[in-house]
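Visitor: For reference, the sequence and a predicted model appear below.
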Amino acid sequence: MSTSGGTHDDDLDGWDLPGPGRGSASGKALEPAPPRPGTGSIAARAMAAVRPAPEVVDYLSGLNPEQRDAVESLDGPLLVLAGAGTGKTRVLTTRIAHILAARRAFPSQILAVTFTNKAAREMKDRISSLVGESVEGMPWLGTFHSIGLKILRRHAEMVGLRPDFSILDTDDQICLIKQFFQVEGVDAKRWTPRWFAIKLDTWKNRGLLPEQVPVGDAEWFGPNKARKIYADYQERLRVINAADFGDLLLLTIRLFREQPEILKSFQERFRYMLVDEYQDTNIAQYLWLRLLAQGNKNICCVGDDDQSIYGWRGAEVDNILRFDHDFPGAEVIRLERNYRSTSHILVAASHLIAKNEGRLSKTLFTDHDDPDAELISVASVWDSEEEVRTIGEEIEDLQRHGHELNDIAILVRASFQMREFEDRFITLGLNYRMIGGSRFYERLEIRDALAYFRATLQPSDDLAFERIVNTPMRGLGDASLRQVRELARAQNIPMMQAAGMLVETEELRPKPRNTLKNLLMDFSRWRSQLESQRHTDLAEIILDESGYTEMWRNDRSADASGRLENLKELIRSMDEFESMAGFLEHISLVMDRDSGDTDDAVSIMTLHSAKGLEFDTVFLPGWEEGLFPHQRALDESGRAGLEEERRLAYVGITRAKKRARIRFTANRRVHGMWQTSIPSRFLDELPEEHVEVSEPSSSYGGYGTSGMGPYGGSRFDTRDPFASGNHSTPGWQRAQRNRESGASSGGFGKSSRGRGGPKTIEGELVAKSVTETESAYSVGERIFHLKFGYGRVASIDGNKLTIEFEKAGRKKVLDSFVEAV
DNA sequence: CAATTACTAACATGG
DNA sequence: TTAGTAATTG
């Protein structure tokens, strides 16, 4: 691969566009081509599109004037502010179709960046249905990371990597950091590797190299130590020929800055740039875009500040607010006509988001006002078990009434909520599709198998090597491994290489030395078979000869056979790829499997991954304080965190076309402990006229004394229309007390110093601190618990009580959930 | 070196 | 609760 200049126009090959033949691919020849009628239907329609009589062009018809403007304003920077459901994706895809049809560029000359894999896939699908097969593989349509990767692979040498470098996922990253922490003697009690991984990510999201790390940050764990670990970490990545996710962007930026000719070649290549979800871009992505857009400035960004939900990942809403400053002369088009939702849904969502400050105010409106449209439904349930069950029932009911499962989605705040739905739907035999969440490729056996493949393909991949040296156990334990690791570190070489040197010496005892030697021989044998064997066969050979499959066959535990199944499934899915390397690359970027798209199935996913999608019916479970808005968001980012959560709620509601059904539980188990939950404050922020508060669909009155309201807090306490009267639940009373004390203390707890009372933000309860100073109970006291019945307090640990229950045995519970008797 | 036991943090969110 | 780690023992 050429290292100078970077004129890799190879991917223009095979792009067969109606119109000018190849050869005129680069440069001036692509200026608006003169109309040449009859060269193909798309081209023919395009002719009409560029100039007069646009009505003829069917892909443009059906756009409203603003949308059409956004599609046709091809030259110069353009920002499209598009509210939820205003046809954002439609504008983007039609715009691409228009560029192609007008023959302004080849598919390979359009850069289209999305934020998530799903969005990229969706866009690809929609473009090909709009334009036809020729776009099938628009090479530069993808996520920031996948495009960064593609660029880096071509010019890896320029940033100190070999073109076949591997990509580390978060777990690999944490493993590596852990090692550095051990070497540097960082107190693992105070700083966890995971925490540092997040910080590292934050720096990278902001485009900071080790030497640019802010002075304050650099001093963590000791004088300049954090900076040093960052620098060492990067150096280690280089040695093991790997890049983490952040590097995919950061190294590309470095490449562009250090190699102006390469940058220039890309600037020339990308005649049109389109960016989806611009509000989610972080600084690194912004820099990346700006470098590329400095060429011909045909950049079109589409976004909605109200849907900015990736602040935690470094997204800068400022990017969207500053757009015309960054790209002088930018045109701004607003899309405010909503085509998706009923007016109940739309008004409710707008009402909610209006509570946020500092937004570019947009007013969404809709025409179709269906008088029969359903109100937003809000209902409480006893616990998550009931939540899952009733939603299951409602879905079955919808199904009986002829609704397709494909039109139904369950959107949760945190991925752990998805499992319960999965379990329930399996027993119901209800078809479901999980997106994101606990992913196939994150399972133990899959990661192990992948580590074997990685280590085979990429001898320098230390993390893969370390993962499997002693899996299955071969007697290569800590002691031997430490020697290898030390040598590798001292010589600054990958561990496999170090191991190779070590087995030639007497350093190791004979037994481990031989096993290690054998293992290395295994790897080189597998490596030699890379050419001769089909990659799926080789994968099986590796797993068999390494003893990995046998390990599971000998395993007596219940899930062993499932794991073997998964391994087979892994090899099966490998079949769809050309090579092992291609397969590994795919899964390192796209951790979710896109399978079974054709079946009719309910979608279960997080709110984050739901952005950009729409469904007739949307279930929104878990609207409880602490879960949604999530406690961590409030603790760590205060008001900004709360606003981001609210945007997330907005995103959730606006996914629904016809029915939005919000659920909250009265009790939820957190870390195995029962806690009473308070309804989400967002419920109060919905306009009553558009909300229908449903009766709980199954009664749980039998649990306690009559009229006990299972929910506390908010509208549903103070003027609760349906839970008759007295809130005698201790948990509720306690929550209420928390609330009041929080409000009166009125502090603006930004730094969480001290483990005191609840933090408030302008009178709102933001963080209910779990560490109550004193328990209201004493050891030996007789108590009543709604789920477990009567018992006696065995011990007290802050607000955690260990109770010896008369029926249920010994349990740990939270004090707010028991009641003195 | 491996198996057992005791302890503790984790349930954000994505590429 | 559970998964992961650290310490302890065979």
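Guide: Noted; the coordinates are in hand.
Visitor: what does the stretch 251-400 of chain A put close to DNA strand B?
Guide: Within the stretch 251-400 of chain A, the positions lying close to DNA strand B (CB under 7 Å from any atom of the strand) are A:309-310, A:312-313. Quick note: C-beta positions are derived from backbone N, CA and C, even for glycine.
Visitor: closest to A:D599 among the residues you listed?
Guide: Nearest to A:D599 out of these is A:I309 (CB to CB; 28.6 Å).
Visitor: Quick one: neighbours of that closest one, just the number.
Guide: For A:I309, the tally of surrounding residues (other CB atoms under 10 Å) stands at 23.
Visitor: ok, back up a step: now the residues of the stretch 251-400 of chain A next to DNA strand B: which count as buried?
Guide: Buried residues within these, counting neighbours by 16 or more other CB atoms under 10 Å: A:309-310, A:312.
Visitor: Next one, pLDDT for the residue of chain A positioned farthest from its centre please.
Guide: Using CA atoms, centre = their mean, the residue of chain A lying farthest from its centre is A:E506. It sits 48.5 Å away. A:E506 carries a pLDDT value of 85.
Visitor: where does it land in three-state SS?
Guide: Three-state call for A:E506 (DSSP: H, G, I helix; E, B strand; the rest coil): coil.
Visitor: Next, work out how far apart it and A:Q483 are.
Guide: 12 Å (CB to CB, to the nearest Å).
Visitor: Mind listing what's buried along the helix or strand that contains A:A499?
Guide: Following DSSP states H and E, the helix or strand that holds A:A499 is helix A:495-502. Neighbour-count burial for helix A:495-502, counted by 16+ other CB under 10 Å, picks out A:495-500, A:502.
Visitor: helices or strands up against it?
Guide: If contacts are counted by 3 or more CB pairs under 8 Å, 6 or more residues apart in numbering; DSSP states H and E, helix A:495-502 sits against helix A:462-468, helix A:478-491, helix A:510-528.
Visitor: can you redo these as TSV with mean neighbour count and mean pLDDT?
Guide: Output for the helices and strands packed on helix A:495-502, formatted as TSV (neighbours: other CB atoms under 10 Å; pLDDT from 0 to 100):
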stretch	mean neighbour count	mean pLDDT
helix A:462-468	24	90
helix A:478-491	16	87
helix A:510-528	16	92
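Visitor: count of neighbours near the one residue in the stretch 501-650 of chain A that gets nearest to DNA strand C?
Guide: Nearest residue of the stretch 501-650 of chain A to DNA strand C: A:D559, at 9.3 Å (CB to the nearest atom of the strand). By other CB under 10 Å, the residues close to A:D559 number 14.
Visitor: quick one: pLDDT of it?
Guide: 76.
Visitor: Name the next helix or strand downstream of whichever helix or strand A:A226 is part of, please.
Guide: Taking DSSP H and E as the definition, A:A226 sits inside helix A:225-239. Using DSSP H and E, the helix or strand that follows helix A:225-239 towards the C-terminus is strand A:242-244.
Visitor: Pairing partners for that following strand, with directions?
Guide: Note on strand A:242-244: by DSSP bridges, its sheet partners are strand A:166-168 (parallel).
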